Structures are given as structure tokens and as C-alpha cells.
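Peer 1: can't give you the sequence, but here's the structure:
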């Protein structure tokens, strides 16, 4: 019997592969001695054929798993041999599982032959989007005893996308942070930094370059995701502090590694921030920074809404 698992959602296909292994062990092979896992990237035809021809040890079946067979550049002769063997494997007592992360670049005869198995044994794992992605997150959290607000869910999926490996990792961090309470947008923004930092950088860049329409658009996008105005303001202030630090380092002619040590920034962030810091004048940076600190004070001491104050600041700065 041949099972073929493939597709862009390697997280779900890996979960399926693990389930198949566990079921085989539970029914036939508690020790796991009859399960062989081969690396397709370093595929060895002789080793594969030797493994495939072996009978089960204290059981009637063996399981052979080949991961990422199509990641290797197989010689045509090897492909031909495998094609011939696939026919005999279909009715074999042994179980053969071919697991592929993503789609092979070249969908050749070998790939098409694996697709041509019993449809119940072939599964294409497509990364979830939209409602299906939201449902996946909710189900994952439910299984872990967690919960998330709709606004936080929207923000999380907008920052991470549908990479379930990364989503699982971010959700684990968020569950540890919230410790039983509902996950809120500010929790997501605090923990899932990469894309959020990029969005804030773009907003700061628009302010520094007096791109009013772009600045308003970027601000509204952050607000639409459920983030609080005061949180966005704190991140804008932080970004300007970083720009000032980077500019100071550049003027001291520090190299990237020295800047990284002085600012504790990742080299990628330094590379991205350096052109903006170099182009902005000290007068402009200090002027905007002073306005930001005054805005922060007003948000905490006046009766005007933070949204109105932030809007006024954007217009006054970027006009």
C-alpha cells in the first residue's frame, strides 16, 4: 500500500504523518522497530530497495517513510526503477508513505504516479485562509484551554499569515503570556513583533517624509486591527528613539556589528533603518520626537480622545 502526503501546508501533513505512524505502532508495532524513515534529499536507491524488501519483525507488515523525495535531483535511471517498483508496492503487505513538503518544482512521471494511487490514500494539504484559518486558530486554542478575542485573532493572522508552524509557535508564547485569560490585540502586538515593527517603521518613515496620505492610511490600518491608540503611540516613540540611536552611531562611523552591539538591534533591522536615519536631519528627528513626547503627555492628562490627538499629530507632522 502506498500513501502520498504533500502540499504547502507542511504542518498539517506532518501531523497526519505522525498520526499514521502512531496508529501503525498501536495496531502492529509498539516498539517501532518496523518503521524506517529515509531522507529523500539524500536518497539512496540501494538502501531504499533493501528496506522495502524486508519483511516485518514479529509482525506481518513494515512501514517505510520517505521524506521529500522530490527535493533530490534523482537520475533518470533511478526514477525509472522507482516507477517500476511503485506498481508492486500498491499490493504489498508493507506500507510505503511518501511525504513531501510543498509541491515539487518538476511534476514528472514519478510524481504523477504517486498521485494516481487510490484517492483515499493521496492528500494535498492546502494552507488554510480566511474563515478556515480563523477556525484553525480557535480549535488550536480550544484544545490548549485558551481563548482569543476576534480583534486579536484578526491581528495575529494579519501579522503571521497562514504559516501554521509559526502560528503554533506564536500561540504557545501568547498562551504562556496570558496564563488563562483571553488573548487581546496588545498581547499579539507585544509578542509577534516582526511584521508589526515593519508596519510601524513604514508609518514613521511616512511621517518623516511628510507623506500625509500614506501616514493616515497606515495609522488606520493599525487601528482597524484593534490596537489601542496609546500602544501605537508608544511604538512610534520607540521607533524614533531607535532612529536617533542609529543616526548617532552612523555619525560616529561605527560598523554594523558595533551598531548592533550599541543598539541591541538585529543586523537586518539596522540595514533597513540606516538609510532613513542617515537621510533624516537632526532638526527633523528632534522636532518630531519632542512633539511625540508632548502628545504622550496630552493623551494621559487631557479630556480629548487619544484618537483625535493622534490624528491631529499625524496631520501636523506629515503635512
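Peer 2: Looks like it arrived, so ask away. Here the structure is a predicted model, which is why all the values come from computation and not from measurement.

Peer 1: how far does stretch 262-271 stretch from start to finish?
Peer 2: 14 Å (CA to CA, to the nearest Å).

Peer 1: quick one: average pLDDT of stretch 110-128?
Peer 2: For stretch 110-128, the mean pLDDT works out to 90.

Peer 1: Check which residues of that stretch are buried.
Peer 2: 110, 111, 113, 114, 117, 122, 125, 127, 128 (16 or more other CB atoms under 10 Å). Bear in mind the C-beta positions are built from the backbone N, C-alpha and C, glycine included.

Peer 1: what's the span of it from first residue to last?
Peer 2: One end of stretch 110-128 sits 27 Å from the other (CA to CA).

Peer 1: 13 is where my numbering starts, stick with that
Peer 2: In the new numbering, first residue 13, that becomes stretch 122-140.

Peer 1: which residues sit against that stretch?
Peer 2: With contact meaning CB atoms under 8 Å, 6 or more residues apart in numbering, stretch 122-140 is reached by 13-22, 24-25, 28, 81-82, 86, 91, 94-95, 98, 102, 110, 116, 147-148, 174-176.

Peer 1: Nearest to residue 291 among the buried residues of stretch 122-140?
Peer 2: residue 139 (38.3 Å; CB to CB).

Peer 1: Pick the one among the buried residues of stretch 122-140 closest to residue 198.
Peer 2: Of all the buried residues of stretch 122-140, residue 198 sits closest to residue 140, with 25.4 Å by CB to CB.

Peer 1: Assign that closest one to helix, strand or coil.
Peer 2: With DSSP: H, G, I helix; E, B strand; the rest coil as the basis, residue 140 sits in coil.

Peer 1: Would you quantify the distance from it to residue 279?
Peer 2: For residue 140, the distance to residue 279 (CB to CB, to the nearest Å) stands at 33 Å.

Peer 1: What of residue 102?
Peer 2: 52 Å.

Peer 1: now swap in residue 297 and tell me
Peer 2: Taking CB to CB as the measure, residue 297 falls 22 Å from residue 279.

Peer 1: okay, now residue 180: neighbour count?
Peer 2: 15 (other CB atoms under 10 Å).

Peer 1: residue contacts, it?
Peer 2: Counted by CB under 8 Å, 6+ apart, residue 180 has contacts 23, 152.

Peer 1: got the phi/psi numbers for the closest residue to residue 79 other than its chain neighbours?
Peer 2: In space, and not counting its chain neighbours, residue 79 is closest to residue 111: 5.0 Å by CB to CB, 6 or more residues apart in numbering. The phi/psi pair for residue 111 (degrees, to the nearest 10) reads phi -110, psi 130.

Peer 1: Residue 111 reaches residue 27, doesn't it?
Peer 2: No: using CB atoms under 8 Å as the test, residue 111 is too far from residue 27 to be in contact (11.3 Å).

Peer 1: These two: who's more crowded?
Peer 2: Using other CB under 10 Å as the criterion, residue 111 and residue 27 rank with residue 111 on top: 21 against 13.

Peer 1: which strand residues sit across from that one in the sheet?
Peer 2: Per DSSP bridges, the residues bridged to residue 111 are residue 17, residue 79.

Peer 1: residue boundaries of the strands in the stretch 13-162 of the chain?
Peer 2: Assigned by DSSP state E, counting those that start in this stretch, the stretch 13-162 of the chain shows strands spanning 14-18, 47-51, 75-79, 107-111, 134-136.
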